[in-house]
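> task: produce atomic coordinates for the following.
(one chain, ligands or ions: 2)
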Amino acid sequence: MRVQVAIIGAGPSGLLLSQLLHLAGIDTVVVERRSAAYVLGRIRAGVLEHGTVDLLRRAQCASRLDDEALIHDGFDIAFLGERLHIDLKDLTGGSSVTVYGQTEVTRDLMQAREALGGTLIYEADDVQPHGFDGERPYVTYRKDGAEQRIDCDYIAGCDGYHGICRASVPKGAINTFERVYPFGWLGLLTERPPVSDELIYCAHERGFALCSMRSQSRSRYYVQCGLDERVEDWSDDRFWDELRHRLPAPAAQALQTGPAIEKSIAPLRSFVAEPMTFGRLFLAGDAAHIVPPTGAKGLNLAASDIHYLSNAFIAHYNDGDAGLLDRYSETALKRVWKAERFSWWMTRLLHTFDADDGFVARLKQAEFDYLKSSRASRTSLAENYVGLPY
Ligand code: APR
Ligand code: PHB
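Numbering: from 1, shown residues only. Ligands and ions are numbered 1, 2, ... in the order given. Now for the predicted structure:
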């Protein structure tokens with residue numbers, strides 16, 4: 001098989017890139033090691049920036065999103081019992097965020113790809129990128145026991161944090177920057193109406209908690225937990241008790257609990273690989289960077305990478321201009337680092353760190369007091385949360 005761009009990984013990054021390139025007349029194939037059902041089984045965050053929504057519309061896969069998604073004009077921070085409303089719309093001059101699960105984004109992208117006859121190869125074993133330091137890269141994999149080869153002009157590494165693409169780059173050619181946080185998030189999804197119309201981010205002595213949602217009838221909650229904790233040790237009752245402890249009293253009273261549809265623990269990490277380009281291999285999304293979920297930036301950063309990368313391929317193939325491809329890494333990383341900073345800042349402010357002493361506690365209180373008293377400070381938070389311009 002021969003294509004212009006071979007894409008490794010069928011998460012949101014790979015599917016979105018494939019769809020946008022297809023619509024511009026550039027042929028791609030997506031090779032994924034898991035099954036479609038497995039990919040759809042992963043529950044991840046659910047807050048979309050307007051730039052992400054616009055890109056999904058450009059990719060012609062936003063009709064269900066436009067029908068079903070919830071528009072949020074603000075959210076609350078509850079800091080050690082004090083509640084502060086962040087009015088995104090007012091602070092940003094009209095912007096809001098869209099609440100729509102990443103699982104649904106992935107499902108819509110899969111359907112859009114299939115409707116256009118895109119080639120998606122699931123359950124491909126031993127996927128490997130080759131020759132990307134030269135002129136003739138190719139991808140090999142095994143499917144149903146048979147060796148396969150895809151020749152291409154370029155390889156897009158959209159294979160997530162544990163993927164093969166970044167790992168195939170010679171060690172000396174890549175710099176990585178990392179912070180691993182000393183806690184995780186225990187998340188629970190339940191078929192109950194959300195406790196509030198908007199998200200509530202709670203900082204509490206016992207640890208962070210978040211009230212989020214997927215729809216008017218399905219909610220998603222998180223509590224900060226230790227890295228050594230196991231989901232099996234968290235009965236639904238234990239989860240609800242702990243969440244109630246950490247919520248402001250009115251929310252704790254209003255909370256509607258129910259059986260968990262899904263419950264899992266995720267570690268928190270900040271990670272960036274530089275550069276994001278190695279010859280004819282381009283990394284995008286989680287393959288190149290990870291943010292802790294506190295700022296809801298993971299999927300949105302993947303989308304902004306794909307915005308830059310798809311535009312660069314389109315300029316190259318359709319206008320003969322390779323400049324955007326040459327500058328892809330530099331352009332994408334500028335925005336990545338701003339989102340890294342914001343996610344790190346939100347995480348730092350709202351979580352309980354065992355190592356924090358009285359000095360840090362007072363700095364955090366001062367940070368929250370400054371948010372309360374200064375519109376400029378809230379504006380900075382709001383413009384990062386709704387998404388910086390591309
Ligand atoms: N070969 C083929 N596919 C692979 C390989 C491999 N060696 N390794 C991983 N993959 C696949 C994974 O199975 C997964 O489906 O690559 C895909 C990567 O998808 P994601 O991890 O969802 O990454 P991305 O598409 O960049 O989306 C970023 O996902 O983790 C969240 O917070 C993140 O919301 C953000 C979004
Ligand atoms: C979620 O709904 O899963 C979610 C929302 C906001 C975040 C993180 C996760 O910051």
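> element containing His22?
In this structure, His22 sits in helix 12-23 according to DSSP states H and E.
> helices and strands around that helix, which ones?
Contacting helix 12-23 under the criterion 3 or more Cβ pairs under 8 Å, 6 or more residues apart in numbering; DSSP states H and E are the following elements: strand 5-8, strand 28-31, helix 50-58, helix 102-115, helix 298-319. (Glycine included, C-beta is placed from N, CA and C.)
> what do you get if the cut-off is 10 Å, keeping everything else the same?
Contacts of helix 12-23 with other secondary structure elements, assessed using 3 or more Cβ pairs under 10 Å, 6 or more residues apart in numbering; DSSP states H and E, are made with strand 5-8, strand 28-31, helix 36-41, helix 50-58, helix 102-115, strand 119-121, strand 154-157, helix 298-319.
> can you lay out those as CSV showing mean pLDDT?
As requested, the helices and strands packed on helix 12-23 are arranged in CSV below (pLDDT from 0 to 100):
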stretch, mean pLDDT
strand 5-8, 98
strand 28-31, 98
helix 36-41, 95
helix 50-58, 98
helix 102-115, 97
strand 119-121, 98
strand 154-157, 98
helix 298-319, 98
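> what angle do the helix or strand encompassing Thr176 and helix 102-115 make?
According to DSSP H and E, Thr176 maps onto strand 175-190. Relative orientation of strand 175-190 versus helix 102-115 (axes from the mean of the first three to the mean of the last three Cα atoms, to 10 degrees): 100 degrees.
> any bit of strand 175-190 sitting next to ligand 2?
No: judged by Cβ under 6 Å from any ligand atom, strand 175-190 stays clear of ligand 2, getting no closer than 6.7 Å.
> what average pLDDT does that strand get?
In this model, strand 175-190 has a mean pLDDT of 97.
> can you list contacts of whichever helix or strand comes after that strand?
On the C-terminal side of strand 175-190, the closest following helix or strand by DSSP H and E is strand 200-203. By Cβ atoms under 10 Å, 6 or more residues apart in numbering, the residues outside strand 200-203 that reach it are 75-84, 86, 194, 208-212, 221-224, 243, 246-248, 251, 294-296, 346, 349-352, 364-365, 368.
> buried set for the helix holding His22?
By neighbour count, and taking 16 or more other Cβ atoms under 10 Å as the criterion, the buried residues in helix 12-23 are 12-22.
> swap in stretch 133-152?
Applying a neighbour-count criterion of 16+ other Cβ under 10 Å, the buried positions in stretch 133-152 are 137-139, 141, 148, 150, 152.
> got the buried residues for the least confident helix or strand in the chain by mean pLDDT?
Sorted by mean pLDDT, DSSP states H and E, the helices and strands of the chain end with helix 36-41, the least confident at a mean of 95. Judged by neighbour count using 16+ other Cβ under 10 Å, the buried positions of helix 36-41 are 36, 39.
> got the residues of the stretch 251-390 of the chain near ligand 2?
By the criterion of Cβ under 6 Å from any ligand atom, the positions of the stretch 251-390 of the chain lying close to ligand 2 are 293-294, 296.
> OK, now which residue of the stretch 101-250 of the chain is nearest to ligand 2?
Taking Cβ to the nearest ligand atom as the measure, the stretch 101-250 of the chain has Ser212 as its residue closest to ligand 2, at 3.2 Å.
> now that residue: how far from Leu388?
Using Cβ to Cβ, to the nearest Å, one gets 22 Å for the distance from Ser212 to Leu388.
> then Pro129?
31 Å.
> between the two, which one's more packed in?
Neighbours around Pro129 and Leu388, counted as other Cβ atoms under 10 Å, are more numerous at Pro129. The numbers are 27 against 16.
> doesn't Arg269 belong to a strand?
Yes: counting by DSSP: H, G, I helix; E, B strand; the rest coil, Arg269 falls inside a strand.
> what's the neighbour count on it?
Counted with other Cβ under 10 Å, residues neighbouring Arg269 total 16.
> quick check: nearest residue in space to it, chain neighbours excluded?
Ile290 (4.9 Å; Cβ to Cβ, 6 or more residues apart in numbering).
> so who does the one you found touch?
If you count contacts by Cβ under 10 Å, 6+ apart, Ile290 has them with 160-161, 178-180, 267-273, 298, 301, 340, 343.
> which of those ranks first by neighbour count?
Neighbour counts for the contacts of Ile290 were taken using other Cβ under 10 Å; the highest belongs to Leu301, which has 28 neighbours.
> ok, it - contacts?
13, 49, 52, 284-286, 288-291, 295, 332, 335-336, 338-340, 343, 387.
> and those residues, which of them are buried?
The buried subset of the contacts of Leu301 (16+ other Cβ under 10 Å) comprises 13, 49, 52, 284-286, 288-291, 295, 332, 335-336, 339-340, 343, 387.
> which of these fall within helices?
For the buried ones among the contacts of Leu301, the ones inside helices are 13, 52, 332, 335-336, 339-340, 343, with DSSP state H as the criterion.
> just the residues you listed now: which is nearest ligand 2?
Nearest to ligand 2 out of these is Ser343 (Cβ to the nearest ligand atom; 8.8 Å).
> ok, now how distant is that closest one from Ala167?
Distance from Ser343 to Ala167, counting by Cβ to Cβ: 24 Å.
> same question for Arg375.
From Arg375 over to Ala167 the distance is 46 Å, taken as Cβ to Cβ.
> likewise Arg149?
In this structure, Arg149 and Ala167 are 20 Å apart, going by Cβ to Cβ.
> three-state assignment of Phe75?
strand.
> ok, what's across the strand from it?
Note on Phe75: beta-bridge partners by DSSP bridges are Ile86.
> correct me, but it touches Lys89?
No: distance between Phe75 and Lys89: 11.3 Å, which falls outside the contact criterion (Cβ atoms under 10 Å).
> who has more neighbours, these two?
Set side by side, Phe75 and Lys89 show more neighbours around Phe75, with 25 against 16, by other Cβ under 10 Å.
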